[in-house]
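S.K.: quick check, what structure comes out for this input:
(one chain, ligands or ions: 1)
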Amino acid sequence: MASSLRTEATEARYLEERSRAGFSEGCNLCKEVSKKEFTYWRIIHNEYPYDRITSLHDMIIPKRHVKETELTEEELEEFQNIKRTSYRGRVSVYP
Ligand SMILES: [Zn+2]
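M.R.: Numbers count the residues shown, from 1 in each chain. Sure thing, here's the model as predicted:
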């Protein structure tokens with residue numbers, strides 16, 4: 001448990017959901033409703049936050065389901081802008 005950034009309670013919920021194969025039916029992140037939308041990115045509620053190190057439960061994800069290495073220059077630029085502005089230090093990042 002010590003290696004997780006989640007508290008024990010949240011980690012337990014996460015592992016339980018994972019064991020029920022809840023994460024195998026498509027991409028859970030892509031199914032989440034947006035709290036805020038940008039051109040290439042969106043903010044979603046993180047159901048399994050890293051609550052050992054933050055009280056914030058928002059996560060920023062690319063609208064396209066891609067690996068970090070597949071992000072375009074435009075996507076990376078917008079991401080940097082989002083981080084620099086209102087969401088500075090306030091969201092988890094995925095990927
Ligand atoms: Zn996805």
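S.K.: how about the helices in this structure?
M.R.: With DSSP state H as the criterion, the chain has helices at 8-19, 28-31, 73-84.
S.K.: so what's the residue nearest the centre of the chain closest to, chain neighbours aside?
M.R.: When C-alpha atoms, centre = their mean is applied to the chain, the residue found nearest the centroid is residue 59 (3.6 Å). Distance criterion C-beta to C-beta, 6 or more residues apart in numbering; nearest residue to residue 59, sequence neighbours excluded, is residue 46 at 4.0 Å. Heads up, the C-betas are built off the backbone N, CA and C, glycines and all.
S.K.: right, and that neighbour touches residue 61 too?
M.R.: No - counting by C-beta atoms under 8 Å, residue 46 stays clear of residue 61, with 9.5 Å between them.
S.K.: neighbours of the residue nearest to residue 59, how many?
M.R.: Residue 46 has 21 neighbours, counted by other C-beta atoms under 10 Å.
S.K.: mind checking how far it is from residue 80?
M.R.: Residue 46 is 21 Å from residue 80, where distance means C-beta to C-beta, to the nearest Å.
S.K.: check residue 50 too.
M.R.: Going from residue 50 to residue 80 by C-beta to C-beta gives 21 Å.
S.K.: compare neighbour counts for the two and give me the winner.
M.R.: Neighbour tally, residue 50 and residue 80, criterion other C-beta under 10 Å: the higher count belongs to residue 50, 17 against 10.
S.K.: now the more buried one: closest residue in space, sequence neighbours ignored.
M.R.: residue 5 (3.6 Å).
S.K.: list the contacts for that neighbour?
M.R.: Residues in contact with residue 5 (C-beta atoms under 8 Å, 6 or more residues apart in numbering) are 50-53.
S.K.: for the protein, which residues are neighbours of the ion?
M.R.: Residues of the chain lying close to the ion (C-beta under 5 Å from the ion) are 27, 29-30, 65.
S.K.: still on that earlier bit, phi and psi next, for the residue nearest to residue 50.
M.R.: phi -90, psi 0 (degrees, to the nearest 10).
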